[in-house]
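> Model the structure of this input:
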Amino acid sequence: MAMPAHPVNTRRKGPAVGPMSSSTPSWTDDLPVCHLSAIGFSTNQVYRADGGREEEHEFEDRCFHFKCDDIYLYGVFDGHSGVHVADFVRQRLPVELLLGQLTDVEDDFSVKKILQQAFLTVEAAFFETIDAALAEKMKLKLQLPEGLSDYELYQNYPKEVEKLQSLDSEIIGGTSAILALIHKGKLYIASVGDSRAVLCTREPDNKLKVRQLSIDHTIDNEDEQLRLSQLNLDVAGIQQATGLYGRGLAGHPTTRSIGDYSFKGGYRDIEVLSYAASEPVIAEPEVIGGLPITGLSGFLLVFTNGLIKSIEETTDTSQLNMDIAYRVAAEFQIQSTLSGVAQQVVDKVVRNHHDTYLSGMERAQYCQKRDDITLLLRNFDYPLWSSVSPLGSSVSPLPGYNPVTVPYSPHRTETSLSLFIPSPTPPTLTHSISQTPIITGIPSVTPSSVPITQPIFVDVSNPNIPNSPSSSHTSTIESQPSSGTSTPQKYDPTHTNSTGTQGSTNSDTQSSPFLFQRLSEPRDTNSQAEPDEEGYIEPYVDFTDFMRAYEAAANEIHYSQEA
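Next comes the predicted model:
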């Protein structure tokens, strides 16, 4: 995991947190992990005026990514009011799906029914675990006199009130839940709550298509408004009462979840919900699928509402799915592992959110704190940088390779080396993005085209072997002989050789060009520079010609994109 952008001060000491951690051991701890997927996460934070940060509550997100035989199962659970429900669901949902229930099932209807039943069965099992706490709570409440305020009850019956509070901590709480199942070459999504699944696919025309495969179960969803109105609830009144706080249904963030007994079995104790004909918050998931994935090139993103809110608060974007897809595709061009992609996306969102708060600008008022964030990434043959870049194998340094920061040595090897020069502009998508939602009620978005800035690869030893065949912006520069002097060759961005690469003009007496010009006469190769009193040595490398060549090449790329 990458280090946070700023120091983090937390109020809790304890075991390491993370979406894969659990408060109790589980049989799922031994299930094989899917190595085609990765997790990125960050704990919730409250920002202080001095720039520091601290956790508001314990990390409440949980997730898993398993591969059992030919079944792939992924789950993300955004817990609230405690982590016990998310922990329970994370451990129990695989029991309902990976113990042979799907073995002989192939048709979409049957798979969807199994997924729906799994959600309902897991919630029923959780409520069974709190039966004793519910009975004890009811017994205590009957022993306390009626008509007393909370303050009066605490003053006169402190032990009983403390016991009630302890029981409430076991009863309250719930979780959003979203599952992604790959079975028989098809993808299924089942969800309750406001976590989201987005599928990004590379189309035949090389565009990246972004589709949301889940539904946000919130008070703003028109289908959920219709369902609640059919229960005799005043939806407009509920929205007006809670909209200012952004907390959804009578203080509850979603209209569907697992757990949350107070909004289900105990909903009649909540005044605004007491008129409902039946439980207003339900655990029945909406299931999408199956979508064929054979031959698919792209990636699936499953993430919690914390990622959504953090980006919305920072950017006020109206195309959030496309924004996240852009961020992920950009990291695919930079990172060499899936874990690096997922974690860097989260880290950059976290850093931008905190920086917005520190900026004091207009949007800083929306960035006072943020929730837990979990991002699950599942790759479908979308190329990582390590698999497409000439430097993909450079995780293990090439023989004789020295980074640019190492002073020049005339005794270097003759191995052909590639020098990666990052572009001066941020990485962008190689494909234009179009969002074509397949779910009713999700607005469509006009396709947009995002140009790509190609990296520049410079071969510093062999002019006849381009480092990047796919790019026309490649400079080839011969290596400098180990003895004697040479005049640095001027870079001409308008001249190209027969291979289409930028190069030098050929002549009968062509000398080998030198990437960096030495500021002084050639020094004795057997001697070493002596540091001065302050520990510095005399400079002997001039980067001027190098930077001119780099800027000229970068400008040529920029102009070619505009054209």
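
> State the helix or strand in which A190 lies.
Taking DSSP states H and E as the criterion, A190 maps to strand 186-192.

> how big is the angle separating the very next helix or strand once past that strand from strand 186-192?
With elements assigned by DSSP H and E, the helix or strand that comes after strand 186-192 is strand 196-202. Orientation note: strand 196-202 sits at an angle of 150 degrees relative to strand 186-192 (axes from the mean of the first three to the mean of the last three CA atoms, to 10 degrees).

> Is L301 in a helix, a strand, or coil?
Three-state assignment for L301 (DSSP: H, G, I helix; E, B strand; the rest coil): strand.

> Which residue, other than its chain neighbours, is closest to it?
In space, not counting the residues next to it along the chain, L301 is nearest to V198; the distance is 4.6 Å by CB to CB, 6 or more residues apart in numbering. Where C-beta positions appear, they are placed from N, C-alpha and C, glycine not excepted.

> Please apply the same query to G82.
Closest residue in space to G82, ignoring its immediate chain neighbours: G173 at 3.9 Å, by CB to CB, 6+ apart.

> List the contacts of that neighbour.
If a contact means CB atoms under 8 Å, 6 or more residues apart in numbering, then G173 has G79, H80, S81, G82, V83, H84, V85, G259, D260 as its contacts.

> what's the pLDDT at it?
You'll see G173 listed with a pLDDT of 90.

> And the strands in the stretch 51-200 of the chain?
53-54, 61-68, 71-80, 174-183, 186-192, 196-202 (DSSP state E, counting those that start in this stretch).

> Any idea which of those gets closest to Q91?
Proximity to Q91, assessed across the strands of the stretch 51-200 of the chain by CB to CB, is greatest for strand 61-68 (9.0 Å).

> So for the closest one, mean pLDDT?
Averaging pLDDT along strand 61-68 yields 95.

> Buried ones in it, by neighbour count?
Going by neighbour count (16 or more other CB atoms under 10 Å), the buried part of strand 61-68 is D61, R62, C63, F64, H65, F66, K67.

> hang on, the earlier thing: A49 versus the residue nearest to G82, what's the distance?
To A49, G173 is 31 Å away according to CB to CB, to the nearest Å.

> got it, and T544?
T544 is 45 Å from A49, by CB to CB.

> Between those two, which is the more surrounded one?
Between T544 and A49, counting by other CB atoms under 10 Å, T544 is the more crowded of the two (11 against 6).

> gap between that one and E551?
Between T544 and E551 the computed distance is 11 Å (CB to CB).

> can you pull the pLDDT of Q502?
The model reports Q502 with a pLDDT of 40.

> and what of the one 5 residues further on?
At S507, the model reports a pLDDT of 41.

> CA-only coordinates of stretch 273-283, as PDB, when you get a sec.
Extracted as PDB, the C-alpha positions of stretch 273-283 are listed here (Å, rounded to 0.1, in the frame of the first residue of the first chain):
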ATOM      1  CA  LEU A 273     -41.800   5.500   9.200                       C
ATOM      2  CA  SER A 274     -44.400   4.300  11.700                       C
ATOM      3  CA  TYR A 275     -47.200   4.600   9.100                       C
ATOM      4  CA  ALA A 276     -45.600   2.200   6.600                       C
ATOM      5  CA  ALA A 277     -47.600  -0.800   5.700                       C
ATOM      6  CA  SER A 278     -44.500  -3.000   5.900                       C
ATOM      7  CA  GLU A 279     -40.800  -2.700   6.400                       C
ATOM      8  CA  PRO A 280     -39.500   0.300   4.400                       C
ATOM      9  CA  VAL A 281     -35.900  -0.800   4.400                       C
ATOM     10  CA  ILE A 282     -35.500  -4.200   2.800                       C
ATOM     11  CA  ALA A 283     -32.600  -6.700   2.000                       C
END
